[in-house]
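Engineer: Quick check, what structure comes out for this input:
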Amino acid sequence: MNIGKVPENVLKRSILKKIETRRSEVLLGAGIGEDCAVLALKEDEVFILSTDPITGTTKDIGSLSIHVTANDLASSGAEPVGVLVTALLPPEITEDDIKVIMDDIAKTCAPLNMQIIGGHTEITDVVKKPVISITGIGKAKKGKVVATNGCKPGNDIVVTKWIGLEGTQILAKEHEEELKKRFPDRMIYEAQSFDKMLSVVPEAATAVKSGVTAMHDVTEGGIFGALWEMAESSGVGLEIDLKAIPVRQETIEICNFFDINPYGLISSGSMLMATEDGNRLVSELKKAGIHASIVGKATDSNDRVLINGENRRFLEPPKTDELYKVKKERKNNE
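Structural biologist: Residues are numbered from 1 along each chain as shown. Below is the predicted model:
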């Protein structure tokens, strides 16, 4: 495609036509020539905003970009409302590629009841792969916003679903043939299906009703990074039982294959929570069909400790995500 704005006919049939979800809060949404969106809230509600860029191939970039943003909003206790989508696309991209991306974005927004309310789509030779930047808008009742820094000494620490879901499904898709030489096909297909579990919006909604004091979605840097960030933000210590952290066997096998640490692997689909009553929260989550585990406690110490049987070691600040180690190694071997 030619560099510059996407042609109007492509914009109409391959982008605007995909917008189906509608929210009553949106007074003015996406349209030809519209540079702004207009939203209205009730007097007892507040806006919550989040933004994230995703870079990758055409496949899955649309759905991942929405999940990452919706999860950020959910971690603050917000109900996702809408998204602004900025797409910077390389000249080699085709209209069919754009349709795939927009289909994925629209289909991911639908069950979350999020409206695409605006954005910008441009062809540029500055990028070699699609770059999708999403600004998400959510709403919450005044006084009901949940912050990452709300963890208190004595709180139970809870992890939902399993760590490493996002990284596992990415590796299983990008290295399918390589992995099939070592593992059964059924295991690879199961790992690829983890993309169906990347939303934490349902568990966040349950947690808000169950007295959660802090939430943080587990993304780059994995569970170790998320634990550090919650503790650092809240000014608390931690005692975490490594063996209690939930992880799927598929994740363990694939991480062993690539010689990476599952606890440092990007983990959208898992939410880190702090609460005064972990047993109650885990019970409520399980009633909602969501797997969850108590993994430790917050303390009034400055120490953030990982316990593995009789071994104890200190948690370290977040490092580069383990996923990038695989990408770097494969690139160096090309």
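
Engineer: worst-scoring helix or strand of the protein, pLDDT-wise?
Structural biologist: Lowest by mean pLDDT, DSSP states H and E among the helices and strands of the chain is helix 322-333, with a mean of 80.

Engineer: what's that one in contact with?
Structural biologist: Helix 322-333 is contacted by residues 167, 170-171, 175, 222, 255, 258, 260-262, 264-266 when judged by C-beta atoms under 8 Å, 6 or more residues apart in numbering. Just so you know, the C-beta spots here come from the backbone N, C-alpha and C atoms, and that holds for glycine as well.

Engineer: Now find how far off-centre that helix is within its chain.
Structural biologist: When distances are taken as C-alpha atoms, centre = their mean, to the nearest Å, helix 322-333 is centred 21 Å away from the chain's centroid.

Engineer: Could you do stretch 8-21 as well?
Structural biologist: Distance, centroid of stretch 8-21 to centroid of chain: 26 Å (C-alpha atoms, centre = their mean).

Engineer: do stretch 265-272 as well
Structural biologist: Stretch 265-272 has its C-alpha centroid displaced from the chain centroid by 7 Å (C-alpha atoms, centre = their mean).

Engineer: Ok, stretch 232-240 next?
Structural biologist: How far stretch 232-240 lies from its chain's middle: 22 Å, per C-alpha atoms, centre = their mean.

Engineer: Report the contact partners of the residue minimising distance to the centre of the chain.
Structural biologist: Closest to where the C-alpha atoms of the chain average out (C-alpha atoms, centre = their mean) is Val68, at 3.2 Å. Going by C-beta under 8 Å, 6+ apart, Val68 touches Asp52, Ile54, Ile134, Thr219, Ser268.

Engineer: Quick check: buried residues in the helix or strand the second one falls within?
Structural biologist: The one in question is Ile54. Ile54 belongs to strand 45-55 when assigned by DSSP states H and E. Across strand 45-55, burial judged by 16 or more other C-beta atoms under 10 Å covers Glu45, Ile48, Ser50, Asp52, Ile54.

Engineer: quick one: the first one from Ala204, how far?
Structural biologist: When distance is defined by C-beta to C-beta, to the nearest Å, Glu45 is 17 Å away from Ala204.

Engineer: Over to the second one?
Structural biologist: Ile48 sits at a distance of 12 Å from Ala204 (criterion: C-beta to C-beta).

Engineer: Adding distance to Ser14 and pLDDT, write the contacts of Val68 out as TSV.
Structural biologist: Below are the contacts of Val68 laid out as TSV (distance: C-beta to C-beta, whole Å; pLDDT from 0 to 100):
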residue	distance to Ser14	pLDDT
Asp52	23	91
Ile54	19	90
Ile134	18	97
Thr219	29	93
Ser268	27	95
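
Engineer: will you turn those residues into TSV that also has distance to Gln192?
Structural biologist: Converted to TSV, the contacts of Val68 look like this (distance: C-beta to C-beta, whole Å):
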residue	distance to Gln192
Asp52	23
Ile54	18
Ile134	23
Thr219	20
Ser268	15
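
Engineer: which residues touch Glu166?
Structural biologist: Counted by C-beta under 8 Å, 6+ apart, Glu166 has contacts Leu64, Phe194, Asp195, Leu198, Thr219, Leu265, Ile266, Ser267, Ser268, Gly269.
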